[in-house]
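>>> Model the following, please.
(one chain, ligands or ions: 1)
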Amino acid sequence: MAAKTVCVTGAGGFVASWLVKLLLSKGYNVHGTVREPAGSKKYEHLQKLEGASENLTLFKADLLNYESILSAIAGCTAVFHVASPVPSTIVPNPQASLIIYFFNVEVIEPAVQGTTNVLQACLETKVQRVVYVSSVSAISIRPNMPKDKVIDESYWSDKDYCKKTQYTVLFWLSCKNVKFQSSRMVMNWYCYSKTEAEEQALDFGKRTGLDVSTTVNASSLVLPKLLKGGDSFENKTRWIVDVRDVVDAILLVYEKPEAERRYICTAHTIKTRDLVEKLRSIYPSYKYPSNFTEVDDYLRFSSDKLERLGWKYRSLEETLIDSVESYREAGLLQFE
Ligand SMILES: NC(=O)c1ccc[n+]([C@@H]2O[C@H](COP(=O)([O-])OP(=O)(O)OC[C@H]3O[C@@H](n4cnc5c(N)ncnc54)[C@H](OP(=O)(O)O)[C@@H]3O)[C@@H](O)[C@H]2O)c1
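Below is the predicted model:
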């Protein structure tokens, strides 16, 4: 039987690179979308993957350029829509109007209009199934989340509340060659963009008959920050999942015919201070945060629906050890 051809949007990103690796290892032909020319150094890690020279083709495409997305998706039986702006909390320009411009143009439009473009191209080219990669931020940002209930796929973030909740963005101001750091509170644009895009993706499927499912992922991105120390950290609840388990979930949702709609993908619920103690017990010599401020944010997400589909996840210890190894290999973390 001929290998299936599938498309991964934003192939060079963190989650998508792991997904491309998994798909190649399973014998899929992969079309990956990237924003820079395919030969760029930025995508060397993809070209080095086993099977990439025969089975991976990169297409230069921007989510806001329909024709470029259409060319990448043509001939594919499935699309994994992973690409989305994931803004850092450092924004280069301090003026309020430019901040709004930055988030509208750079975050919300590519996430929301970009998702519609991908789905429209899937419909046009008769793709059989789409898996949209969402985030727990599309579930958890709403007032009065019930602390005594398990949070399942029926929950959605409140988009108005996303606009009201704020977090601090750091700005670098340059004046006469001297750099100052300043900060400003801005709305929770990322959670707004993920909530709106996921809602629209599922709605698009319902309206048009395109088979669209979503995975609603937790993360492990806090780990490098904790390993680099810092004075003070909020003792927040963390929902940790190994990126390899995330991409297993994304593929499972594609491969299982019975999969439908949303799947929360999270493995370990742990307070930040306990996570630091776990890391310290394995790697005693890194600098860890020394002070914690208490926050009352305990929530329990359920991945039961995904587990019923056959998903399994790694132990927290395995995730921590392999994550540290991969940060070291990538040069993101010094050896102890
Ligand atoms: N990492 C996590 O822990 C986590 C947790 C939950 C959900 N997610 C979701 O997983 C997805 C990937 O996240 P990530 O952490 O892997 O982020 P990432 O490394 O920043 O990757 C994001 C990708 O999106 C692409 N992209 C952004 N804007 C684009 C545009 N206008 N047109 C085309 N491509 C565009 C980027 O392309 P370039 O390489 O060209 O910049 C990049 O490849 C996102 O949808 C995110 O919401 C991630």
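
>>> ok now stretch 228-240, how far from the chain's centre?
Counting by Cα atoms, centre = their mean, to the nearest Å, stretch 228-240 is centred 19 Å from the centre of its parent chain.

>>> Take it, keep the C-alpha atoms, and write them as PDB.
Taking Å, rounded to 0.1, in the frame of the first residue of the first chain, the C-alpha atoms of stretch 228-240 are listed here in PDB:
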ATOM      1  CA  LYS A 228      17.800  28.600  35.300                       C
ATOM      2  CA  GLY A 229      16.700  29.800  38.700                       C
ATOM      3  CA  GLY A 230      15.400  33.300  39.300                       C
ATOM      4  CA  ASP A 231      14.600  34.900  42.600                       C
ATOM      5  CA  SER A 232      11.000  34.400  43.000                       C
ATOM      6  CA  PHE A 233       8.400  32.200  41.400                       C
ATOM      7  CA  GLU A 234       4.600  31.800  41.900                       C
ATOM      8  CA  ASN A 235       3.800  28.500  43.400                       C
ATOM      9  CA  LYS A 236       1.400  27.900  40.500                       C
ATOM     10  CA  THR A 237      -0.200  24.600  39.600                       C
ATOM     11  CA  ARG A 238       1.600  23.100  36.500                       C
ATOM     12  CA  TRP A 239       0.100  20.700  34.100                       C
ATOM     13  CA  ILE A 240       3.100  18.800  32.600                       C
END
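
>>> and Ser232, what does it touch?
Residues counted as contacts of Ser232 (Cβ atoms under 8 Å, 6 or more residues apart in numbering) are 289-293. (C-beta placed from N, C-alpha, C; glycine too.)

>>> Just the buried residues of those residues.
Buried subset of these (neighbour count, 16 or more other Cβ atoms under 10 Å): Pro289.

>>> Looking at the contacts of Ser232, which two lie furthest apart in space?
Ser290 and Thr293 (11.9 Å; Cβ to Cβ).

>>> Could you give me the buried positions within stretch 36-52?
Buried residues in stretch 36-52 (16+ other Cβ under 10 Å): 38, 43, 46, 49, 51-52.

>>> cool, and stretch 284-303?
So, applying 16+ other Cβ under 10 Å, buried residues of stretch 284-303: 286, 288-289, 299, 301, 303.

>>> do the same with stretch 312-320
Those would be 313-314, 316, 319-320, for stretch 312-320 by 16+ other Cβ under 10 Å.

>>> same for the strand or helix carrying Asp274, what does it pack against?
Using DSSP states H and E, Asp274 maps to helix 272-282. Where contact means 3 or more Cβ pairs under 8 Å, 6 or more residues apart in numbering; DSSP states H and E, helix 272-282 is packed against helix 222-227, strand 232-235, strand 237-240, helix 316-329.

>>> how about the residue of the stretch 201-336 of the chain found nearest the ligand, phi and psi?
Nearest residue of the stretch 201-336 of the chain to the ligand: Ser219, at 2.9 Å (Cβ to the nearest ligand atom). Backbone torsions for Ser219, taken as degrees, to the nearest 10, come to phi -150, psi 170.

>>> Am I right that Tyr263 sits in a strand?
Yes: the assignment for Tyr263, made by DSSP: H, G, I helix; E, B strand; the rest coil, places it in a strand.

>>> contacting residues around stretch 108-116?
Taking Cβ under 8 Å, 6+ apart as the rule, stretch 108-116 contacts 62-64, 81, 83-85, 132, 189, 192-194, 196-197, 200-201, 204.

>>> Now, of these, which are buried?
By 16+ other Cβ under 10 Å, the contacts of stretch 108-116 give 63, 81, 83-85, 132, 189, 192-194, 196-197, 200-201, 204 as buried.

>>> of these, the lowest pLDDT goes to which?
The lowest pLDDT within those belongs to Trp189, with 82.

>>> I figured that residue was touching Val107, is that so?
Yes: shown here, Trp189 and Val107 form a contact pair, counting by Cβ atoms under 8 Å, at 5.0 Å.

>>> who touches both of those two?
With Cβ under 8 Å, 6+ apart as the test, Trp189 and Val107 both reach Pro87.

>>> if we can go back for a sec, what's the offset of the helix holding Asp274 from the middle of its chain?
Distance, centroid of helix 272-282 to centroid of chain: 24 Å (Cα atoms, centre = their mean).

>>> Which SSE is immediately downstream of it?
Counting by DSSP H and E, what follows helix 272-282 is strand 291-294.

>>> If anything else comes up later, I'll come back, but that's it for now.
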